[in-house]
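**Student:** model the following, please.
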Amino acid sequence: MTESKTNYYYGNKVAQVTPAEGVQGMLIRLGGGGFAFRVYTDNGEFIDYDIRHDDLSITIDKDALASFYRIGEHDILDHSPQVLGLKKAAE
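**Tutor:** Have a look, this model is predicted:
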């Protein structure tokens, strides 16, 4: 894939812009409670992108080992029960 880079004014600065379409990455939680989009390079390094997009579509991969949990009215996205070592509750 050839990266198409173009410069645009972003706020009052010039930014080099590359389309993000088709890029695979990870949503990570930062120490201060925020989130970033982490993209790994072929050599194992990564770039963490601040997220300013307000309605970005995300698809969770089949091998992500993720599950949705509901506790009362509280909804949570976390690792799967197998990853967390959770025990099944009586139904």
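**Student:** Phe37: neighbouring residues, count only.
**Tutor:** 18 (other C-beta atoms under 10 Å). No exception for glycine: its C-beta is placed from N, CA and C like everyone else's.
**Student:** that one sits in which helix or strand?
**Tutor:** For Phe37, the element it lies in under DSSP states H and E is strand 35-40.
**Student:** I'd like to know which elements that strand is packed against.
**Tutor:** strand 26-29, strand 46-50 (3 or more C-beta pairs under 8 Å, 6 or more residues apart in numbering; DSSP states H and E).
**Student:** how many neighbours does His74 have?
**Tutor:** Neighbours around His74, by other C-beta under 10 Å: 7.
**Student:** could you do Arg38 as well?
**Tutor:** 13.
**Student:** which one of the helices and strands packed on strand 35-40 lies closest to Asp78?
**Tutor:** strand 26-29 (11.0 Å; C-beta to C-beta).
**Student:** centre of the chain versus the closest one, how much separation?
**Tutor:** In terms of C-alpha atoms, centre = their mean, to the nearest Å, the centre of strand 26-29 is set 4 Å apart from its chain centre.
**Student:** same question, stretch 15-30
**Tutor:** For stretch 15-30, the distance to the chain centre is 8 Å (C-alpha atoms, centre = their mean).
**Student:** that one: which residues count as buried?
**Tutor:** Across stretch 15-30, burial judged by 16 or more other C-beta atoms under 10 Å covers Gly25.
**Student:** about what we covered before: which one, of the helices and strands packed on strand 35-40, ends up nearest to Thr6?
**Tutor:** Nearest of the helices and strands packed on strand 35-40 (C-beta to C-beta): strand 46-50, 17.3 Å.
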